[in-house]
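>>> Mind folding the following:
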Amino acid sequence: MTTAVVLKFVAAIVVGYLLGSIPFGVIVGRRFAGVDVRNYGSGKMGSTNVLRVAGTKAAALVFVLDLTKGALAVVFAWFVLRGQYEAPIDSGLWWMLRSAPALAALAAIGGHVWPIFLKFRGGRGVATFYGGLLALCPPVAFVSGPIAILGAGMTRFMSLASILGAVTAYVMLVPLTVVSGFPWGNLLYGLVGSIAIIATHHDNIVRLYNGKERKLGEKAELTVAPKPTTAQRVRHVADKSLSYLKWSRQNLHQ
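You can find the predicted model right below:
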């Protein structure tokens, strides 16, 4: 029985990570703009960078899909560990069952930031964080989310608004956990998730301090030269071969 629970617990974490690793920003960016959005602007695959590269519709779609990743990680953990096992309170098994949804949601954030499908080069995890929060504790998500949106509208800095929203979520979860008895896993999720969002925005924080942060509405500049396609590589090799043949003929005639 215990072995089965442990295996399902591990499965919930792994599935959460794999869900988070789905690179919707890159997929949608290629579909709408024909480019890898990570070659532009911040170099990330989140909805903010997609907005700058591929437009509003693409960004909205990416935000919803990334939000869904976090929520699905929680739902899957609930599904595989849905209270069918009895465990003594405060035992290791009890804590495992109680923490699984929050840890699966954190794994989804980790997958978004370090996706296995893209050589661990992903996004910042904001939408995925809110997706997990929406499934774990909807009241906090419905308050902190609009605060982030309001902050973005007032300052035009999405990075600052994202940090503000995440910190607000954690601050709200403290009294709800300590006083109202909400699951401690939610508080853990708010703490680690907000720290992760602050950490992934370290470059934005530096730019904010130096007055160089990008505002909403600004277009993203190309920052990384895209890798040549197979056709382009073949054409390059052919051009080099022709150049070599021309050079060889000229030397033979001399």
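
>>> so where's the stretch 101-250 of the chain uncertain?
Within the stretch 101-250 of the chain, the ranges that satisfy pLDDT under 70 run 220, 224-250.

>>> residue ranges for the strands of the stretch 1-150 of the chain, please.
Ranges of strands in the stretch 1-150 of the chain, per DSSP state E, counting those that start in this stretch: none exist.

>>> Leaving out sequence neighbours, find the closest residue to L187.
Using Cβ to Cβ, 6 or more residues apart in numbering and skipping residues adjacent in sequence, the residue nearest L187 is T177, 4.2 Å away. Just so you know, the C-beta spots here come from the backbone N, C-alpha and C atoms, and that holds for glycine as well.

>>> Pretty sure that neighbour sits against G185.
No. The criterion here is Cβ atoms under 8 Å, and T177 misses it with G185 at 9.2 Å.

>>> what's in contact with stretch 2-14?
For stretch 2-14, contacts defined as Cβ atoms under 8 Å, 6 or more residues apart in numbering pick out 73, 76-77, 80-81, 85, 87, 93, 96-97, 100-101, 103-104, 107.

>>> got the buried residues for it?
Across stretch 2-14, burial judged by 16 or more other Cβ atoms under 10 Å covers V5, K8, F9, A11, A12, I13.

>>> so how far is it from its chain's centroid?
24 Å (Cα atoms, centre = their mean, to the nearest Å).

>>> tell me the contacts of the closest residue in space to L61 that isn't next to it in sequence?
The shortest distance from L61 to any non-neighbouring residue, by Cβ to Cβ, 6+ apart, is to V28 (5.5 Å). For V28, the contact set (Cβ under 8 Å, 6+ apart) comprises V50, A54, A58, L61, V62, L65.
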